[in-house]
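# fold the stuff below for me.
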Amino acid sequence: MSGENTRRERPGSYRGLELLPVHLYVLAHLKKAGVDYAKMMAKMSELPLSLIEDAVRDLMEVGLVERDSGSAIKRSKARFKKAFEVHKHHTYYRLSREGELFVRKIDEKWLKEYFNNLIPRGWDTIILLGESSNFEEACRKLNGGDCDRIMEELTVYYFATPSGKKTTFFKLLMSFLAI
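The predicted structure follows:
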């Protein structure tokens, strides 16, 4: 086999869970951080805590994320921590083995298909928004297309504000996914 997903699920789906951008963010964040807690993920991304907590819960249900046990963690394990050792005051999460394997499969081809299924002119929109200072500039570069509809989708997924500015969440997601 060529390493393709033998279950023939479309990108954006994992064991029946429709992966939203917030799910991808949690997976990418945990890959980068090693272990972290929901409140820190929300703080960094500027997303509502409840949204992050729901995403973590969804990912735990399908086996991609698990709780990290123990009462303290070292910086070598939690790469975003500044102190050498931190005593846990929150519930920390990490990628499960299955989650690590899944995240390794997320490459440019997978992301193109994922974003093209997520929003109109998905991959082009994501790339142009990343390169542009705001959505208005990205829309001009899209050479037509339904900019109002695309903008609505970008707002729903927290990629852009209603005024067209890129969100911290979008910038962080793009950075973590190396887009």
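# surely residue 102 touches residue 15?
No. Counting by Cβ atoms under 8 Å, residue 102 stays clear of residue 15, with 10.0 Å between them. In this view, the C-beta of every residue, glycine as well, is placed from N, C-alpha and C.
# neighbour count: the two, which is higher?
Ranked by neighbour count (other Cβ atoms under 10 Å), residue 102 and residue 15 place residue 102 first, with 20 against 12.
# and the residue nearest to the spatial centre of the chain, what helix or strand is that in?
Nearest residue to the geometric centre of the chain (Cα atoms, centre = their mean): residue 25, 1.8 Å. According to DSSP states H and E, residue 25 maps onto helix 21-33.
# check which helices and strands the helix or strand following that helix sits against.
Note on helix 21-33: by DSSP H and E, the next helix or strand toward the C-terminus is strand 35-37. Contacts defined by 3 or more Cβ pairs under 8 Å, 6 or more residues apart in numbering; DSSP states H and E place strand 35-37 against strand 92-95.
# contacts for the strand it packs on next, please.
Contact partners of strand 92-95, identified using Cβ atoms under 8 Å, 6 or more residues apart in numbering, comprise 27, 30-31, 34-38, 56, 60, 64-68, 73, 78, 103.
# just the buried members of those residues?
27, 30-31, 34-38, 56, 64-66, 68, 73, 78, 103 (16 or more other Cβ atoms under 10 Å).
# quick one, phi psi at residue 165?
Main-chain torsions, residue 165, degrees, to the nearest 10: phi -80, psi 140.
# you'd agree it is up against residue 134?
Yes. Contact criterion Cβ under 8 Å: residue 165 and residue 134 qualify, at 5.5 Å.
# show the contacting residues for residue 41.
Taking Cβ under 8 Å, 6+ apart, one finds 25, 26, 29, 47, 52, 56 in contact with residue 41.
# now the fourth one. Nearest residue, chain neighbours left out?
Looking back up the chat, that one is residue 47. In this structure, residue 47 finds its nearest non-sequential neighbour in residue 169, 5.4 Å apart by Cβ to Cβ, 6 or more residues apart in numbering.
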